[in-house]
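>>> Could you work out the structure for the sequence below:
(one chain, ligands or ions: 1)
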Amino acid sequence: MATKDSSSAADTAGTKLFTRAEVAERNSNTETWIIIHNKVYNVTAFLNEHPGGEEVLLEQAGKDATEAFEDVGHSTDARNMMKPYKVGKLVEADRTQDEKKNKEWSNDGSSGDNSSCRRT
Ligand code: HEM
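Here you go, the predicted model:
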């Protein structure tokens, strides 16, 4: 019963961190959270608006929907649409080793090493 939002962990950038167990509790149609690429989304308000229907989201409620999400081949538009629903990320211990772990779509952690792009 100590799970008020007061003491949720946050990383150095102030992003809230959740465990998979915490996300798993939000698995109903009154509170629908999903994990995609180690990020946590509250899609409750999006259920009615999802072009793919609410059922598929509810099926994934509380779970890691990365594979299902990628299987559909969501458009760039869809990926942009996700942003407002992001509530945080998984704690480091609960993250999967995504192939793209250093290359997320959001442009944090850019390596900036493109010195060989332009040969003269
Ligand atoms: C916040 C997360 C999500 C957003 C913003 C989102 C958004 C969208 C959008 C905009 C489309 C229309 C097609 C496109 O532009 O790609 C779409 C289609 C679809 N989505 Fe999602 N989606 C999300 C999560 C998911 C998840 C987790 C699943 C699977 C469990 C899923 C399953 C589908 C399916 C099956 C379609 C295809 C519908 C069709 O072609 O008739 N979506 N979604």
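>>> Return the residues in contact with the residue most central in space within the chain.
For the chain, Lys39 is the residue whose C-alpha lies nearest the centre (C-alpha atoms, centre = their mean; 2.5 Å). The contact partners of Lys39, by C-beta atoms under 8 Å, 6 or more residues apart in numbering, come to 86, 88-90. Quick note: C-beta positions are derived from backbone N, CA and C, even for glycine.
>>> Mind checking which of those residues land in strands?
If you go by DSSP state E, the contacts of Lys39 have 86, 88-90 in strands.
>>> Distance to the ligand and neighbour count added to the residues you listed, as TSV?
Converted to TSV, the ones in strands among the contacts of Lys39 look like this (distance: C-beta to the nearest ligand atom, whole Å; neighbours: other C-beta atoms under 10 Å):
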residue	distance to the ligand	neighbour count
Lys86	8	16
Gly88	14	21
Lys89	15	20
Leu90	16	20
